[in-house]
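**Student:** Let me see the structure of the following:
(one chain, ligands or ions: 1)
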Amino acid sequence: MRRSPLVIAAVLAAVVIVGVVLARRASHRTAVVTTGPGGGTSLGGPTAPGDLVIRMLDVGQGDATLITNGGSVALVDGGPDQNALGARLDALGLGHDTTIDVVVLSHAHADHYMGLRELFASRRRLKVRYVFENRDASTNRTLATLRDSIIARARRGELTYRDSDDPCGDGRPVCTITMRGGARLEVVRPDPSSKDPNDRSTAVKIVAADSSRFTMWLAGDAEREELAWFDQVGYPTQPGMRADVLKADHHGSCNGVTAHYLAEVHPRRVLVSVGAENDYGHMHEQAKAAYRAAGVPWYRTDRNGTITVRVPAAGGAFTVTPEHPGESLDGQSDRASTSGECRSMTGDEAPNAQRPRRRRRP
Ligand SMILES: [Zn+2]
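**Tutor:** As a prediction, this is how the structure comes out:
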């Protein structure tokens, strides 16, 4: 009889908000840290099995964040390019004949879902156990094809496909996934009423086994409208948005950050997933000004490559290690946004301000 080894966790409701516990599987392949592409750069150094390791992968203009803990593997978004995601998984020994326990697609934009197609390429023989996404209607054929692959596996009983608007399937807004090393992923319902795909971003909070040691907040491409909605529905209290590390919303766009948001999350470090050449001017000068004003340094994938956060199981402080050194760097596409909603932000006066080359919202 085929049964998912995931235990749906009403029994754990007393200790976590939960939904899903990732049971230990003998066949599972542990994440292996190997040499990075190109210059022999280590992607974050050696890893003990119980460490919580979060890698913001360098995949160009998009998002792909890989989380490993105790042999469990989760991926939040897949970036804009199948080959780029496949190469990053290969470099970590996760590209073939292994299991990706959880995939969260934050929202239905190509720079987040295109790379996920690689997980379903038959030559890779990857097993994907859970997929969370908002399942919003889309006319995009590529997304439809990806969803067909997910649905086909779900029908065969190989995969569970969850709507992030009801992530645990029980009406609660937060679904907690416990990884084998004890770390937790909290999948957080997006704003149900927004018509803007960015403001339909599903947030994920990553919590170390000892929650006092590390938390990270990722909210896809959420813009101010959804950030305000998070406040309205009490997310700052439950699941709690305070975090040691913040993934910059919307690739460092000025519409993905406010002083209030930074005060709420109160991060010690911001990680930005952004392409070196992008049409949007990311990172916007206003966003960098906001991070500076809050006293938070940033790393960015276009300059720093893959960025690795490690919370050692043995104790001690978490570390943030860029593939290439340098913090709070500028990038070649950075400019001040001229959009009205960012005009009041201090970065408007930045010397390299110029008009956007093209108006698109990735
Ligand atoms: Zn995006």
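
**Student:** Contacts only, for the residue of the stretch 201-350 of the chain found nearest the ion.
**Tutor:** Here the stretch 201-350 of the chain gets closest to the ion at one residue, Asp221, 4.3 Å apart by C-beta to the ion. From N, CA and C alone the C-beta is placed, and that goes for glycine too. Asp221 is in contact with 63, 106-107, 109, 112, 197-198, 201, 249-251, 253, 256, 362, counting by C-beta atoms under 8 Å, 6 or more residues apart in numbering.

**Student:** these two touch, right, Glu226 and Asp199?
**Tutor:** Yes. Assessed by C-beta atoms under 8 Å, Glu226 is found in contact with Asp199 at 3.9 Å.

**Student:** joint contacts of these two?
**Tutor:** The contact sets of Glu226 and Asp199 overlap at Pro190, Asp191 (C-beta under 8 Å, 6+ apart).

**Student:** Give the partner strands of the helix or strand encompassing Ile100 in its sheet and their orientations.
**Tutor:** Ile100 belongs to strand 99-104 when assigned by DSSP states H and E. Applying DSSP bridges, strand 99-104 is found paired with strand 72-76 (parallel), strand 127-133 (parallel).

**Student:** Ok, which of the ones you listed comes nearest Thr306?
**Tutor:** strand 72-76 (13.6 Å; C-beta to C-beta).

**Student:** If you average the pLDDT over the closest one, what comes out?
**Tutor:** Strand 72-76 shows a mean pLDDT of 98.

**Student:** Stretch 225-233 too?
**Tutor:** For stretch 225-233, mean pLDDT rounds to 98.

**Student:** ok so, going back, show the pLDDT at the residue of the stretch 201-350 of the chain closest to the ion.
**Tutor:** At Asp221, the pLDDT recorded in the model is 98.

**Student:** repeat for Ile151
**Tutor:** 98.

**Student:** Against the ion, how distant is it?
**Tutor:** Applying C-beta to the ion, to the nearest Å, the value for Ile151 to the ion is 24 Å.

**Student:** That residue belongs to a strand?
**Tutor:** No. Per DSSP: H, G, I helix; E, B strand; the rest coil, Ile151 lies outside any strand segment and is helix.

**Student:** Thr145 is in contact with that one, correct?
**Tutor:** No. Assessed by C-beta under 8 Å, Ile151 is found out of contact with Thr145, at 10.7 Å.

**Student:** Give me the common contacts of the two.
**Tutor:** With C-beta under 8 Å, 6+ apart applied, the contact sets of Ile151 and Thr145 do not overlap.

**Student:** so where do the strands sit in the stretch 151-300 of the chain?
**Tutor:** For the stretch 151-300 of the chain, the strands defined by DSSP state E, counting those that start in this stretch cover 160-163, 174-178, 184-188, 203-207, 215-218, 245-247, 269-272, 298-300.

**Student:** Around the ion, pick out the residues from the stretch 151-300 of the chain.
**Tutor:** Within reach of the ion by C-beta under 5 Å from the ion, the stretch 151-300 of the chain has these residues: Asp221.

**Student:** And the helices in the stretch 151-300 of the chain, which stretches?
**Tutor:** With DSSP state H, counting those that start in this stretch as the criterion, the stretch 151-300 of the chain has helices at 224-232, 259-265, 285-293.

**Student:** nearest spatial neighbour of Pro236, skipping sequence neighbours?
**Tutor:** If the residues on either side of it in the chain are set aside, Pro236 comes closest to Glu264, at 5.4 Å by C-beta to C-beta, 6 or more residues apart in numbering.

**Student:** All good on my end, thank you.
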